[in-house]
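Participant: With the sequence up front, the predicted model follows.
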Amino acid sequence: MPARIDHAVTSGTFSLDGQTFDVDNNVWVFGDDRECVVIDAPHSAEAVRRVVGGRRVLAVLATHGHDDHVRAAPALARAVGAPVLLHPDDRVLWDLVHPDVPPDGELADGQRIEVAGTELRVLHTPGHSPGACCFHAPQAGVVFTGDTLFAGGPGATGRSYSDFDTIISSIRTRLFTLPPETVVHTGHGDSTGIAAEAPHLDEWIARGH
């Protein structure tokens, strides 16, 4: 059975630099009827478990370490018996949320994760945060971008540990080099596509500077 994508939206808060905002986060579960990976565990471990169902979870993959993407990760990992994987450059953000519970393993650029007979490739895409990662499934024609790329532009870079020029470089060199028909599943809001977003890069640069 080919890999499929299951999706849920969970609501909670995002806090950084002394400010807190209400947010809705996408949860993506990629796999088949037997096994899957979870991409981000935002606000509620139980909400994610409902999407997973009875499947074996191979890993909980964190697109980055902001609290609204990893708050439920340790609880989910314990519940399903899976490791939480995070890029080491985002450990500083993880530790703000879970100072006494380290992630179980690390993500690395170029790493390949096989699930349901399909390969996920880790793309290190810093900018929104130092260790932000996207997950590209070439066979499925999709990329999970977390908060690096949204429908309508790049992720925010106005807070600590973020940088506009870096996120633009990541998008240009790591995402806009993917096939134009690639579907983009984001960390918040609607999905989009590489072909829909790539023509607007120069507009974003002008607006950002």
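Facilitator: Nice, thanks for sending it over. Note that the structure is a prediction, hence the values are computed from the model and not measured. Residues are numbered from 1 along each chain as shown.

Participant: need the contact list for residue 34.
Facilitator: By C-beta atoms under 8 Å, 6 or more residues apart in numbering, the contact list for residue 34 reads 55, 56, 116. Glycine gets a C-beta too; all of them are placed from N, C-alpha and C.

Participant: Repeat that for residue 13.
Facilitator: Residues near residue 13 by C-beta under 8 Å, 6+ apart: 20, 21, 22, 23, 43, 67, 68.

Participant: Would you format the residues you listed as CSV with secondary structure included?
Facilitator: Rendered in CSV, the data for the contacts of residue 13 read as follows (DSSP: H, G, I helix; E, B strand; the rest coil):
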residue, secondary structure
20, strand
21, strand
22, strand
23, strand
43, coil
67, helix
68, helix
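
Participant: out of those, which are buried?
Facilitator: Buried subset of the contacts of residue 13 (neighbour count, 16 or more other C-beta atoms under 10 Å): 23, 43, 67, 68.

Participant: ok, now how distant is the residue lying closest to residue 184 once chain neighbours are set aside from residue 150?
Facilitator: Counting by C-beta to C-beta, 6 or more residues apart in numbering, residue 184 lies nearest to residue 192, which is 4.7 Å off, once chain neighbours are set aside. Relative to residue 150, residue 192 is positioned 7 Å away (C-beta to C-beta, to the nearest Å).

Participant: More neighbours: which of the two?
Facilitator: Between residue 192 and residue 150, counted using other C-beta atoms under 10 Å, residue 150 has the larger neighbour count: 20 against 17.

Participant: per-residue confidence for that one?
Facilitator: Note on residue 150: pLDDT of 98.

Participant: Look up which residues are beta-bridged to the closest residue to it other than its chain neighbours.
Facilitator: Distances taken as C-beta to C-beta, 6+ apart put residue 186 closest to residue 150, at 5.0 Å, once the chain neighbours are dropped. When assigned by DSSP bridges, residue 186 has beta-bridge partners residue 146.
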